[in-house]
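**Student:** sequence plus predicted model, see below.
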Amino acid sequence: MDLRWWPLAVAGAMLLLVAIVVAWFSPMARVQRSLRPLAHVDRLTRLPEYLRIYRVYLLSVVVTAVLLVVTFGATLVAAARPVGLSSSTETFDAAHPEDIMLCVGQPVTDPTTAGFLDYYARQSKSFGTQRLGLTSPTLRIIPLTRDAEYIAQRLTGLTQLARLQQDLDTGAQVSAVDRDKLATGVEAFSHPVGYVDYAQSIEDILALCMTGFPSFESKGTHRRQLVYLGYTDLRGADEQRRSLFSAQALQQMASAGGIQLNVLARSDVVAESTQGNDAVRSLVESTGGRFSLYNPAGAALSDAGTDPALSRQLDQIGSNPPSAELPGGQVITSRSMDSPGPVLVVALVAAGILSVSLAVLRR
């Protein structure tokens with residue numbers, strides 16, 4: 001939980017501290033009155049009845065002080081406008097559900113692809129209002145859906161293809177059934193087609209993935225996030241054939257549809273294109289997304305799941321969800337909604353107990 005007006009909370013806490021210090025060190029005015037002398041006072045104060053009354057008195061003072069501090073603190077926190085509580089996040093997610101399109105620009109048999117899909121297979125089990133889809137360079141593998149069980153099943157099945165391919169490459173024993181499963185899975189994931197006058201670019205793949213959002217031509221009530229994994233330079237320096245989309249056209253497409261682009265670019269290629277990375281980075285940052293370089297060197301495929309480095313980068317993307325835009329043009333996030341409910345409940349309960357306890361003590 002964060003406070004939107006945190007200086008107010010700091011100022012209130014400082015004033016409370018000053019009040020305590022002043023009250024503690026201020027001299028108490030003594031009441032001038034004649035007291036009746038008593039004999040053997042030390043014996044009286046050791047009586048069980050006296051000790052019992054004194055303990056009740058001391059406990060009442062402590063409880064009253066604690067309730068006063070809790071009431072004041074809770075009221076102060078509520079006045080400082082708390083944000084970021086789970087209740088406000090759930091309300092925001094229900095009003096503005098999130099659509100996530102996974103976009104893979106590399107073979108499904110790549111170990112990095114397996115780790116990428118495995119991460120979202122596990123994440124999908126905790127989805128509530130989110131929808132998730134998957135697009136390859138040429139096909140829509142999973143249309144946007146909220147069926148978490150179906151998503152986890154499909155993504156888990158695709159991650160197994162990388163393991164089968166690795167077994168084949170290392171000369172391990174692979175059954176005929178698994179070989180057929182691998183061939184069928186690779187064919188169903190992508191259908192590469194060669195053209196005489198066309199060569200695919202990363203902009204073309206991103207555009208294909210963006211069309212997977214319903215009514216992608218304009219913004220809607222759903223927030224849209226696209227996560228791309230793969231290479232940024234698919235054409236080569238000497239490629240003369242045309243592509244379908246330019247970076248400018250893609251930026252306009254993303255802006256019109258309210259789509260946040262996120263790119264995890266492979267940095268383990270022999271001839272990495274710095275110019276291509278810079279162009280994609282500029283495009284991604286213009287949509288409010290994240291651009292990261294990922295080198296899978298040393299992250300061999302294992303049953304442990306996603307490479308920790310890749311998982312951290314995906315966590316960072318997940319912690320930066322797209323914002324929502326209201327009809328009037330106001331942009332809001334989950335942190336735009338105040339959530340003073342819990343602290344106000346604490347303040348009311350503490351004040352109620354304090355009132356009841358004081359009334360009992362007076363009697």
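**Tutor:** Looks like it arrived, so ask away. Numbers count the residues shown, from 1 in each chain.

**Student:** who is the residue nearest to S267 when sequence neighbours are not counted paired with across the strands?
**Tutor:** Closest residue in space to S267, ignoring its immediate chain neighbours: L293 at 4.1 Å, by CB to CB, 6 or more residues apart in numbering. From N, CA and C alone the C-beta is placed, and that goes for glycine too. Beta-bridge partners for L293, by DSSP bridges, are A265.

**Student:** how close does L293 sit to L264?
**Tutor:** Going from L293 to L264 by CB to CB, to the nearest Å gives 8 Å.

**Student:** just want to know which of these two has more residues nearby.
**Tutor:** L264 (21 against 15; other CB atoms under 10 Å).

**Student:** now do the contacts for that one.
**Tutor:** Residues in contact with L264 (CB atoms under 8 Å, 6 or more residues apart in numbering) are F116, V227, Y228, L229, G230, S292, L293, Y294, L310, Q313, L314.

**Student:** wasn't the second one part of a strand?
**Tutor:** Yes - with DSSP: H, G, I helix; E, B strand; the rest coil as the criterion, V227 is located in a strand.

**Student:** which residue ranges form the helices in the chain?
**Tutor:** Listed in chain order, the helices of the chain (DSSP state H) span 6-25, 41-44, 48-79, 86-95, 111-123, 148-169, 176-189, 202-210, 247-257, 274-286, 308-318, 341-362.

**Student:** would you reformat the ones you listed as JSON lines and include mean neighbour count?
**Tutor:** What follows is the helices of the chain, written out as JSON lines (neighbours: other CB atoms under 10 Å):
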{"stretch": "helix 6-25", "mean neighbour count": "12"}
{"stretch": "helix 41-44", "mean neighbour count": "9"}
{"stretch": "helix 48-79", "mean neighbour count": "14"}
{"stretch": "helix 86-95", "mean neighbour count": "15"}
{"stretch": "helix 111-123", "mean neighbour count": "22"}
{"stretch": "helix 148-169", "mean neighbour count": "18"}
{"stretch": "helix 176-189", "mean neighbour count": "14"}
{"stretch": "helix 202-210", "mean neighbour count": "23"}
{"stretch": "helix 247-257", "mean neighbour count": "16"}
{"stretch": "helix 274-286", "mean neighbour count": "16"}
{"stretch": "helix 308-318", "mean neighbour count": "16"}
{"stretch": "helix 341-362", "mean neighbour count": "14"}
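
**Student:** among the ones you listed, which is nearest L102?
**Tutor:** helix 111-123 (6.1 Å; CB to CB).

**Student:** angle of the closest one against helix 308-318?
**Tutor:** 50 degrees (axes from the mean of the first three to the mean of the last three CA atoms, to 10 degrees).

**Student:** picking that back up, and of the contacts of L264, the nearest to L164?
**Tutor:** F116 (17.1 Å).

**Student:** pLDDT score for the closest residue in space to that closest one that isn't next to it in sequence?
**Tutor:** Taking CB to CB, 6+ apart, and ignoring the residues beside it in sequence, F116 has L229 as its nearest neighbour in space, at 4.9 Å. Looking at L229, its pLDDT is 94.

**Student:** the bottom helix or strand of the protein by mean pLDDT?
**Tutor:** strand 331-332 (a mean of 64; mean pLDDT, DSSP states H and E).

**Student:** so where's this protein shaky on pLDDT?
**Tutor:** By pLDDT under 70, the low-scoring segments of the chain are 1, 28-35, 84-90, 269-273, 298-305, 326-338, 358-363.
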